[in-house]
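> With the sequence up front, the predicted model follows.
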Amino acid sequence: MKNIYNTILKTSEGITFLLLLFAFFSCERIEVETPSHLLGGNNVYTDPTTVEAAIIGIYANLRDYGLLSGGAQGMSNLMGQYADELDYYSAIPLPEESFNKNNLTPSEPAVAEIWNSAYNQIYSTNAILEGVAGSDFFSEEEKAEFTGEALFIRGLLHFYLLNLYGDIPYIKTTNYIVNKSVSRMAESDVYALITADLLEAAELLPETDSTGEHTRPNKYTALALLARVYLYQKNYELANQYASLVIENNGWEDNIANVFLNSSRSTLWQFSPGQVGGNTLEADTFIILSAPPSTRALSSALVNAFSENDLRKTNWIGVVTDGNNSWYFPYKYKIGLGAGSSQEYSIIFRMAEQYIIRAEANTRLGNIAEAQNDINKIRNRAGLDNTTATTESELLIAILQERQLELFIEFGHRFFDLKRVGKLDEVLDQLKPGWNTTDRLFPLPERELVVNPNLQPQNPGY
Amino acid sequence: MKNYYRHTYALKVSLCLLFPLFTSITTYAQDAPYLVTGRVQDETAPLAGVNIILKHKNKGTISDLDGRFAINTAANDTLVFSFLGYTPQEIPIGGKTEFYITMEPSAQALDQVVINAGYYKVSDKEKTGSITRITATEIENQPVSNPLAAMQGRMAGVNIVQSTGVPGGGFSVRIRGRNSIRADGSEPLYIVDGVPYPSQSLGNINVSNVLGNSQSPLNGISPNDIESIEVLKDADATAIYGSRGANGVVLITTKMGKSGKTRFQINTTTGVGSITRDLDLLNTEQYLAMRREAFANDGITEYPFNAYDVNGTWSTNRYTDWQEELLGGTAYYNTASASVQGGDNQTRFLLRGGYEEQTTVFPGDFKYKKGSALLNLNHSSPNNKFTLQFNGNYVVDNNKLPPINLVNEARNLPPNAPSLYDANGDLNWEDGTFTNPLAQLNGEYLSRTNTLLSSGTIAYRPLKGLEIKTNLGFTTNTLKETKTSPHTIYNPDYGLNSSYSSIIVNEANRRSYIVEPQLNYKKSIGKGNLNLLLGSTIQKEITTKSLLFAQGFSSNSLIYNPASAANIAIMSNTEEVYNYRALFGRLNFNWNHKYIVNLTGRRDGSSRFGPGNQYANFGAIGAAWIFSKEELIKNKLSFLSFGKLRGSYGTTGNDQIGNYGFLDTYTSSGLSYQGMQGLIPVSLFNPHFGWETNKKLEGAIELGLLKDKINLSASYYQNRSSNQLVGIPLPGTTGFSTLQANLPATVENTGWEFELATTNFQRDNFSWKTFINISLPRNKLLAFPNLDASTYANQYIIGEPLDILLLYNSNGVDPETGIYTFEDVDGDDAITKPNDLKTIANLSPKYFGGIQNTFTYANLSLDFLVQFVKQQGRNFMANSPLPGTMANQSTEILNHWQQQGDNTNVQLFTTGLNQEAVSGYVNNYDSDSSVGDASFIRLKNISLSYTIPTLSTLGVDCRVYALAQNLLTFTKYKGPDPETQIYDNLPPLKLVSIGLELTL
């Protein structure tokens, strides 16, 4: 009997214990163990080092993905294909094929990828702007620098989106409730916002960047973009003014062989490579190792535009041959990613563009001599004689030509230039069988219109 | 429910427990001089554990695993044979010494089929919920390496689709349809021996491209180690799994040791396989005609230099069937296993080892290998108060595959493309004009998975009817997969060296432990039986993953050592912790085996939700009435041997979303700048989302006719999922494409399921049985407040299934222009999305099922399963390249537009320069002509087995068998395989194998 009682006693103890256990587990708040690979958003904006890392995150992302990437999906390649700079050679279909054939459709994944990656990068800049503004953990200098960089990148990305897609929404917040139903904005309104961002950035950014390598935008990078923005808007006074400011305060590289080295004196802003001893994605993308080309090569229209003694042709264009035929490729960057020592960085802003901007602005303003001087600066470095253009119209033609030869395969300059001077149809109709007038704008990504009907209507022709 | 109950181990276990009197296999009476021997069997196989008692003496024995027995008796005594589920027999000895007894199943047999319902077991006849099952018999007859493959076509309400024929690939599993608006939120919960088995793959799609998706996590279980798979479907069965039960529960029980003579078994199988189906492609003549016509259409007379196929660079006389060349190989399949088991009533054990390997259909030396070890131990104290059970299952799986599956190459390469090898036997690059597909094979995909599943149960029964027990489980799953891209995958003319070689490495580990203390109490109250269960769960799961990319090696032989790479990038490195707690219970009352009520409930808490949203309650009520036990029915409807009505209603939940979704977080971007790692925002965040709930209703009738020769069950269900947890699609302007949130939408799954099991013929040595299951599911988006204003406006339609496509209405090819035309619904003179996407195509299956027939004649047994699915699917038009470009095409395009007035369904050819034709082609993807019938009837499985009788007399059971999987497919589908449908994936394999099993 005693045994049984003991058992009962033990059992009821056991049951009580179990019930307590049940009760304990059923109401206690469950611990959420934050993992080692994540950092809470509110913790980022308490320390300058983590904000620095968040900004670095944007630059690294810009370098490797989207518009400014030197890879095949960046504008240097895609817009080179879309305009008259590159020919398409791949036997297996690549996304750039429809760029080359100018038959983009709204469902083209690359069209969505450019849009989405740019707005994702814009989100990151807005996160920084909001995070820094709402935090008491930074000095005024730190705040100014973080805010200035974020504003500059935000303006830069919207600038490209505007020129690719036409009227686009300008995104100034991380709030998805606002951003999910935005509408297209008129070009002038977008430019006004871009200009405002860049002017503020120019105020906030330091005169020289702390790295000493031009791997962070400074005041003059912002001014350089402003000069371009005003040029695109045909505001030649201001374009001239800002280009001059940049030119007066920055150096010049006389030796053409050094222009694309990371030590070049005429660089305003360049991307730091992703690995120690690394170089550029551009070199990996464009250099052709054997003939015939397997993916892309420079078009004969571009190659033939150079005169034989142009140093840019000999220095910046490479050639492969199979014995019978020759193919040419962009050779501004000569060293691939994993070379072991860093000699070239991908350059986004450089001085030559500022001289040509000023030349064009001065031409339009009637300052022919100043314009000739600036063009000659570029031509002389390329081993060419002074320009023979003397009238405004001759100069404009010479300037367009100089832009083509100086800035080829750099972030779509060629396409945007033809577009803003109204020569897209004139030039591309002859060279590209698939060209249509409506190809001046990309289609908006199909999904975007479906998910946010406020972005209707689609661009004409799609 | 299926009738394979006679061999269930559960039955035998209960038998051993019920008859503790006969504790050893053979009990010899010391005082009797007369020895009788014999063998007991039923109509199909020897019966183990049959009680053989001497009627006049208090002595007896039980038959061993081969059905044999021996007992000392007296010549004038009578043997009484009894066995649960069979009619007892009394046989006078009458001076004989040898007895061969065949036991007849009794009508009550079905009562005794015990079904695993997870936390408890129920008899098939008295279950209140909807549970379907397959057992080892069916699994072992199939030459498959993934348990999911073994379930296909055999279970009503369970739709399993194989997504690739590459070994190690995945499956899609839907139990009673798709509940979640999210594409990935409808996975069932897998429980192996009481321990949750995570169904999210550890694989990384960037590494395992060849599989077309991530690795199947269920590769970590060897089908041959499985005793039974039960699928829980309705609220009554799944509510006890609370938040994880919404999509059904798959219970996998591994094999257990059986008491009796220590028994060794070896089994070996060998077979061959090839892909089920492929496309009919153009031959060289047809292909070149297409290309020339395309150039002519585009007004190009001088072929461009890179049109190697037509401009004379490549011979126009060559023909290669690239599908045959690249995917047409024979896969060899071999398995071997050995097991030993035995024990007595106190302790039983099983030790099993298995090995299988399967080569691929690709050219080259590729192989999938899997080794498994299983240990099961059961112990109970002599007074049965204390029991202990341990299961350990360890599986190592090694996969070596090409880095890509070559399907696109096989379908797209021009038929006159050059030969793969040059005269020296080296890869042929045809002077740089040919991207040799075999060069890819210089790289490889390797994966190695180690899976340890261990679980234990300790139970103590201090008082009659009371049991205190704890389930303990520990699971660890480690995956390492790599994909190499040595520089040799490129044309050597590029002059690349190993500094261009790279490797991508995914290493992942998941550890989870679970503790589930439980209390079980049974009590008889008058004619009633009360069963009470109370338990709680603590579970923790830690998942770590790291993805590493290394490039630049001094030699390709160092490629597997990232430390010797010039550049290493850690692309991601994550650790996630999932905490989960629950309290659950069940109250079951059974009155006189006639009226049964079952209440289940669970309170769940999960770390996937933010503060205030962590806990939720789930519960269900189920009831059954066995009306055939009513006197009236018994008397008036004597043909009705069994009849039951049952129904259930309850709620379950779904927490299948990622961890930490409610937190605003930054993570390392994996990209460095100025020598420093960047941080990037992970996603948009929403701190407020909570559980998804699923309300399930079911009613069913189960009938047994003519002494259960015909068993029929029909059930109707209606499941409604609401408070949908979705990544709401957002426009890119928000910076991200989705946001995790609860959506006030309801998805309804309704359907009928029928199962019919008949014994068509049974006499002497011959029997014929049929099992048919058919499911008629219907999926519907029931409610969606503000659908038009939501981001889903152009994806779903209220009243229509989730698996719809909104398409253009194709008006065929314009006989004048030769270009596809579509209905301009909004009349704006342009074909645009979304306004012209108004044609609905329903891609969910209309019905599916299987018909299984089993014939046995003496020692010969033949079993075959025919699977059928009625559905629509996307055909080749949704995937194939633009006709006229440098890519081969389906022969369907031969009937294309050539001149004005042609009425065809394929537009004119273009090389891509005709922009209108390109838009027509792109729009045609999204038109109803890209959807067609994808129904199929497939001879899923045949097995033929023969037990060699002469060897049995030597004490060795020898069985030889032949198995075949996916042998024949009948379909009108215009695409590669109607099951897989995914154009870029390898179709499933058909396999034929033979095997031998020896038992001694």
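Noted; the coordinates are in hand. Note that the structure is a prediction, hence the values are computed from the model and not measured.
> When you work out contacts or count neighbours from here on, use the C-alpha atoms and nothing else.
OK.
> how about residue B:582, phi and psi?
Dihedral angles phi and psi of residue B:582 (degrees, to the nearest 10) take the values phi -160, psi 160.
> Near chain A, which residues of the stretch 201-350 of chain B? Just list them.
For the stretch 201-350 of chain B, the residues in contact with chain A under the definition C-alpha under 8 Å from any C-alpha of the partner chain are residue B:306.
> Where does the stretch 201-350 of chain B get nearest to chain A, which residue?
When you check the stretch 201-350 of chain B against chain A by C-alpha to the nearest C-alpha, the closest residue turns out to be residue B:306, at 6.8 Å.
> pLDDT at that residue, what is it?
As predicted, residue B:306 sits at a pLDDT of 83.
> Skipping adjacent residues, who's closest to it in space?
Among residues not flanking residue B:306 along the chain, residue A:89 sits closest, at 6.8 Å (C-alpha to C-alpha, 6 or more residues apart in numbering or on different chains).
> same thing with residue B:442?
Spatial nearest neighbour of residue B:442, excluding adjacent residues (C-alpha to C-alpha, 6+ apart): residue B:489 at 5.8 Å.
> isn't the one you found right next to residue B:435, touching?
No: the pair residue B:489 and residue B:435 does not pass the contact test of C-alpha atoms under 8 Å, sitting 9.5 Å apart.
> more crowded one of those two?
Each of residue B:489 and residue B:435 had its neighbours counted (other C-alpha atoms under 10 Å in any protein chain shown), and the higher figure belongs to residue B:435 (23 against 18).
> and that one, what does it touch?
With contact taken as C-alpha atoms under 8 Å, 6 or more residues apart in numbering or on different chains, residue B:435 is in contact with B:429, B:491.
> Residue A:202 too?
Contact partners of residue A:202, counting by C-alpha under 8 Å, 6+ apart, are A:148, A:218-220, A:222-223.
> same question, residue A:286
Residue A:286 sits next to A:296-297, A:329-331 when contact means C-alpha under 8 Å, 6+ apart.
> out of those, who's nearest chain B?
Within the set of the contacts of residue A:286, residue A:296 lies nearest chain B; the separation is 11.7 Å, counting by C-alpha to the nearest C-alpha.
> Can you get me a residue count around the residue lying closest to the closest one once chain neighbours are set aside?
For residue A:296, ignoring the flanking residues on the chain, the nearest one in space by C-alpha to C-alpha, 6+ apart is residue A:88 at 4.7 Å. Each residue near residue A:88 was counted by other C-alpha under 10 Å, and the total is 21.
> Check the one 10 residues further on too.
Using other C-alpha under 10 Å, residue A:98 has 22 other residues around it.
> I'd say it and residue A:104 touch.
Yes: at 5.4 Å, residue A:98 counts as touching residue A:104 under the criterion of C-alpha under 8 Å.
> Helices of the stretch 1-150 of chain A, start to end?
Taking DSSP state H, counting those that start in this stretch to define them, one finds helices in the stretch 1-150 of chain A at A:2-27, A:41-44, A:48-64, A:75-82, A:97-100, A:109-133, A:140-165.
> err, chain B, not the other one
Counting by DSSP state H, one finds helices in chain B at the ranges B:9-18, B:136-140, B:147-151, B:235-238, B:284-297, B:322-327, B:407-412, B:631-636, B:915-925, B:949-952.
> Turn the ones you listed into TSV, columns for mean pLDDT, mean neighbour count and distance to residue A:252.
Putting the helices of chain B into TSV (pLDDT from 0 to 100; neighbours: other C-alpha atoms under 10 Å in any protein chain shown; distance: least, C-alpha to C-alpha, whole Å) gives the following:
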stretch	mean pLDDT	mean neighbour count	distance to residue A:252
helix B:9-18	37	16	87
helix B:136-140	88	18	77
helix B:147-151	91	21	68
helix B:235-238	92	32	75
helix B:284-297	94	20	51
helix B:322-327	93	19	57
helix B:407-412	91	21	51
helix B:631-636	85	12	104
helix B:915-925	89	21	46
helix B:949-952	77	13	96
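> Can you check which of these gets nearest to residue B:313?
Closest approach to residue B:313 among the helices of chain B (C-alpha to C-alpha): helix B:284-297, 13.1 Å.
> The closest one: how far from the chain's middle?
44 Å (C-alpha atoms, centre = their mean, to the nearest Å).
> Tabulate the CA atom coordinates of it in PDB.
Once side chains and other backbone atoms are set aside, the C-alpha atoms of helix B:284-297 remain, and they are given as PDB (Å, rounded to 0.1, in the frame of the first residue of the first chain):
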ATOM      1  CA  THR B 284      19.000  20.600 -90.300                       C
ATOM      2  CA  GLU B 285      17.100  21.100 -93.500                       C
ATOM      3  CA  GLN B 286      14.100  22.500 -91.700                       C
ATOM      4  CA  TYR B 287      16.200  24.600 -89.400                       C
ATOM      5  CA  LEU B 288      18.300  26.200 -92.200                       C
ATOM      6  CA  ALA B 289      15.100  26.800 -94.200                       C
ATOM      7  CA  MET B 290      13.800  28.700 -91.200                       C
ATOM      8  CA  ARG B 291      16.900  30.800 -90.900                       C
ATOM      9  CA  ARG B 292      17.100  31.600 -94.600                       C
ATOM     10  CA  GLU B 293      13.400  32.600 -94.600                       C
ATOM     11  CA  ALA B 294      14.000  34.800 -91.500                       C
ATOM     12  CA  PHE B 295      16.800  36.700 -93.200                       C
ATOM     13  CA  ALA B 296      14.800  37.000 -96.400                       C
ATOM     14  CA  ASN B 297      11.800  38.300 -94.400                       C
END
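> Would you confirm that residue A:407 contacts residue A:416?
No: with contact taken as C-alpha under 8 Å, residue A:407 and residue A:416 are classed as non-touching, separated by 11.4 Å.
> Can you pick out the residue with more neighbours from the two?
Comparing residue A:407 with residue A:416 by neighbour count (other C-alpha under 10 Å), the higher total belongs to residue A:416, at 19 against 16.
> so where does that one fall, helix or strand?
In this structure, residue A:416 is located in helix A:413-420 according to DSSP states H and E.
> With residue A:387 instead?
With DSSP H and E as the criterion, residue A:387 is inside neither a helix nor a strand.
> Check the contacts of residue A:286 for burial and list the buried ones.
A:296-297, A:329-331 (16 or more other C-alpha atoms under 10 Å in any protein chain shown).
> With pLDDT and secondary structure added, can I get those in TSV?
As requested, those are exported to TSV (pLDDT from 0 to 100; DSSP: H, G, I helix; E, B strand; the rest coil):
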residue	pLDDT	secondary structure
A:296	95	strand
A:297	96	strand
A:329	96	strand
A:330	96	strand
A:331	96	coil
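> now those in JSON lines, with distance to residue B:859?
What follows is those, written out as JSON lines (distance: C-alpha to C-alpha, whole Å):
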{"residue": "A:296", "distance to residue B:859": "69"}
{"residue": "A:297", "distance to residue B:859": "73"}
{"residue": "A:329", "distance to residue B:859": "76"}
{"residue": "A:330", "distance to residue B:859": "77"}
{"residue": "A:331", "distance to residue B:859": "78"}
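> residues in contact with residue B:663?
A:40, B:610, B:685-687.
> Now do residue A:15, the pLDDT please.
Per-residue confidence at residue A:15 stands at 56 (pLDDT).
> Kindly report the same for residue B:573.
Per-residue pLDDT puts residue B:573 at 83.
> Can you tell me, leaving aside adjacent residues, what's nearest to it?
Counting by C-alpha to C-alpha, 6+ apart, the nearest residue to residue B:573 once its immediate chain neighbours are dropped is residue B:546, at 4.2 Å.
> again with residue B:845
Nearest to residue B:845 is residue B:871, by C-alpha to C-alpha, 6+ apart, at 4.4 Å.
> Let me know whether the one you found touches residue B:777 as I believe.
No: using C-alpha under 8 Å, residue B:871 makes no contact with residue B:777, being 11.3 Å away.
> which one of the two has more residues nearby?
A count of neighbours by other C-alpha under 10 Å puts residue B:777 above the other of residue B:871 and residue B:777, at 22 against 19.
> what sits against the more buried one?
Taking C-alpha under 8 Å, 6+ apart as the criterion, residue B:777 is in contact with B:157, B:176-177, B:749-752, B:845-847.
> ranking the residues you listed by neighbours, who comes first?
Among the contacts of residue B:777, residue B:176 has more neighbours than the rest - 28 neighbours, counting by other C-alpha under 10 Å.
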